[in-house]
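> have a look at this fold, sequence not included:
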Ligand code: FAD
Ligand code: GLY
């Protein structure tokens, strides 16, 4: 077990694994260092929706990044299967963004107009049309936006597939090892201190999700990353209850997974790293979900879980190099869309570390010092 690498990636979630995959494929000598186990945090708690259009409601750098990433999934799925034999369970059966009231219908119709600029297959379905498509939807539903090209994946499998592909290209994964601080000389990273000794490297990527602010404080940089807990549950039915993902205004979604489970989420509880699942949290989502699909009350209960989303002060992820410490990079703060954004994050961060020319301006909105207030 050597202790010298080109790149040390801190955090074995989806972002750390996606970056490790791209860097190892380039021939770099990479190590992922994970405090606990690979994919043990947000990246296995996610529903796996690739919901660029449903989650992000206005044009801007995040929306454009999300569209690019969403378009990468079909080829990524075959590529990772070829390299690892892991099926990331990419389901491509569309999404319905539901309007539950007349007021929501107006808003969703405006989104249809906006989204059709990028995807003309997106349409508005009225109450009759939407219930013809998904017969178990409540008669109280007003209508909704139909996104035929939307899909989802199994997020833990995607993380494992990225990591396994990275290992196949020569990467090492060290679990149960916490990174404590950075080592640098004359403004250049030379290594990291961990609970299992020192690792020497030329470049470091901090991909520690909701825990990024704590570690980055060690480098003198104050990142505005904070935790938002999400609780979920899942059910099974004898016959498929829904075919498309049902999504309602970020308050509730139902995702029919390939294995027959329907994932139903999720609460949004700010400023806690405590992952306990509460009866109150689950009761809230059950109430919302049964308003959309009443028959879930008769389904077989499967399981509950929770995860910690990495939110930031302005809702944008941090992707970029430390302004004063050469060789120290961050890819964290992907909030509700880390699974969706993982293919593009892996690619862009790997290109950034390799000094490759990036698309003009693609990452500029995500730089690490954007919240700094300049006092004149
Ligand atoms: P994480 O997966 O949290 O990984 C960070 C890792 O860093 C952890 O394993 C942690 O142990 C490790 N770590 C922390 N500190 C250290 C240290 N000092 N040393 C070593 N290791 C360290 N996104 C979507 O795109 N679609 C969805 O449908 C979706 N649904 C979601 C539903 C829920 C309920 C939740 C909670 C999230 C959802 N997300 C979704 C968001 C997505 O899960 C996250 O954005 C994404 O997983 C973040 O990945 P990450 O790799 O940055 O962080
Ligand atoms: N993107 C779904 C969630 O974060 O709950």
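Cool, got the structure. Here the structure is a predicted model, which is why all the values come from computation and not from measurement. Ligands and ions are numbered 1, 2, ... in the order given.
> okay, the nearest residue to residue 107 once chain neighbours are set aside: pLDDT?
Excluding the flanking residues, the one nearest residue 107 by CB to CB, 6 or more residues apart in numbering is residue 99, at 7.4 Å. Just so you know, the C-beta spots here come from the backbone N, C-alpha and C atoms, and that holds for glycine as well. pLDDT for residue 99: 96.
> and the one 5 residues further on, by the same measure?
pLDDT recorded at residue 104 is 94.
> in a helix, it, correct?
Yes. According to DSSP: H, G, I helix; E, B strand; the rest coil, residue 104 belongs to a helix.
> that one against residue 249, yeah?
Yes. If you go by CB atoms under 8 Å, residue 104 and residue 249 touch, sitting 6.4 Å apart.
> list the contacts of the residue nearest to residue 107.
105, 107, 108, 109, 141, 142, 143, 144 (CB atoms under 8 Å, 6 or more residues apart in numbering).
> hang on, the earlier thing: shared neighbours, residue 104 and residue 249?
Common contacts of residue 104 and residue 249 (CB under 8 Å, 6+ apart): residue 98.
> show me what from the stretch 151-300 of the chain comes close to ligand 1.
Residues of the stretch 151-300 of the chain lying close to ligand 1 (CB under 6 Å from any ligand atom) are 178, 179, 207, 208, 209, 210, 211, 215, 230, 232, 265, 266.
> so how far is residue 42 from the residue most central in space within the chain?
Taking CA atoms, centre = their mean, the centroid of the chain lies closest to residue 338, which sits 1.5 Å from it. With distances taken as CB to CB, to the nearest Å, residue 338 is found 6 Å from residue 42.
> common neighbours of the two, please.
Common neighbours of residue 338 and residue 42, using CB under 8 Å, 6+ apart, are 13, 14, 209, 309, 310.
> ok, and of the residues you listed, which contact ligand 2?
Filtering the shared contacts of residue 338 and residue 42 for neighbours of ligand 2 using CB under 6 Å from any ligand atom leaves residue 309.
> now list the buried members of the shared contacts of residue 338 and residue 42.
13, 14, 209, 309, 310 (16 or more other CB atoms under 10 Å).
> how about the second one, nearest residue that isn't a chain neighbour?
In this structure, residue 14 finds its nearest non-sequential neighbour in residue 43, 4.0 Å apart by CB to CB, 6+ apart.
> what about that neighbour, distance to ligand 2?
12 Å (CB to the nearest ligand atom, to the nearest Å).
> I'd say that residue and residue 153 touch.
No. Counting by CB under 8 Å, residue 43 does not reach residue 153; the two are 11.3 Å apart.
> anything in contact with each of the two?
Joint contacts of residue 43 and residue 153 (CB under 8 Å, 6+ apart) are residue 339.
> still on that earlier bit, quick one, what contacts the residue nearest to the centre of the chain?
Residue 338 makes contacts with 13, 14, 15, 42, 43, 46, 209, 309, 310, as judged by CB under 8 Å, 6+ apart.
> what about the helices in the stretch 51-200 of the chain?
In the stretch 51-200 of the chain, helices defined by DSSP state H, counting those that start in this stretch lie at 52-55, 61-70, 73-84, 102-115, 127-133, 155-168, listed in chain order.
> sounds good, over and out.
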